[in-house]
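> What shape does this take:
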Amino acid sequence: PVAWKLRDSAAFVAARSAHLLLLGESGTGKEVVAQTVHDLSGKKGKKMVSRNAATLPAGIIDAELFGHVANYPNAGMPERPGLIGEADGSTLFLDEIGEISHELSTRLLRVLDERGEYQRLGDARVRTSSFRLVGATNRPVAALKADVAARFRLRLSVPPLEERKEDVPLIARALLRRAA
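Predicted coordinates:
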């Protein structure tokens, strides 16, 4: 019953276009829920872009998210669209979004507004990206920068496996099939 309620909630939020924050313990399937929301949304025709925010290197996190123009910062560097550019028209899933520093969170604010404005590094031109951000965290919402948390108008709690014991054999069977 808990999983069915989660499915119904995922279908409900998939029909909306606002940014979504998934909350839940590690290992509860937040990425599966994010993929389900994407697959049920109007953006399902494009591949969902996924990244673990905790693995974004601090020194190049801006380039990873926003991209950069050709030859910036060094000559010979190819142009890079960044995760936000890649996700244009689709969904960007950032797992462990609670691990992003407050400093970077501030730089996300403009792109999370309705117009989706951002700039690639070394670019004078303002770009726009029509994407939906699905963030996931095992931290409390209060751990996020307040104005970033406010941009996530939709929130969905993914119940822990201890509340979904009936699902454990199904999950184990699916993992074994995938491994085989």
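> Next up, the contacts around the residue nearest to Glu86 when sequence neighbours are not counted.
Distances taken as CB to CB, 6 or more residues apart in numbering place Val49 nearest to Glu86, at 4.9 Å, with adjacent residues excluded. From N, CA and C alone the C-beta is placed, and that goes for glycine too. Neighbouring residues of Val49 by CB atoms under 8 Å, 6 or more residues apart in numbering: Leu83, Glu86, Ala87, Ser90, Thr91, Leu92, Phe93.
> For this structure, just list every one of the helices.
For the chain, the helices defined by DSSP state H cover 2-14, 30-40, 61-66, 82-86, 102-112, 146-151, 168-179.
> And Ala34, how close does it get to Gly59?
27 Å (CB to CB, to the nearest Å).
> just to revisit the earlier point, distance to Lys30, neighbour count and pLDDT added to the contacts of Val49, as JSON lines?
Shown next, in JSON lines, are the contacts of Val49 (distance: CB to CB, whole Å; neighbours: other CB atoms under 10 Å; pLDDT from 0 to 100):
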{"residue": "Leu83", "distance to Lys30": "18", "neighbour count": "23", "pLDDT": "96"}
{"residue": "Glu86", "distance to Lys30": "21", "neighbour count": "18", "pLDDT": "96"}
{"residue": "Ala87", "distance to Lys30": "18", "neighbour count": "26", "pLDDT": "96"}
{"residue": "Ser90", "distance to Lys30": "18", "neighbour count": "20", "pLDDT": "97"}
{"residue": "Thr91", "distance to Lys30": "14", "neighbour count": "25", "pLDDT": "97"}
{"residue": "Leu92", "distance to Lys30": "14", "neighbour count": "25", "pLDDT": "97"}
{"residue": "Phe93", "distance to Lys30": "9", "neighbour count": "28", "pLDDT": "98"}
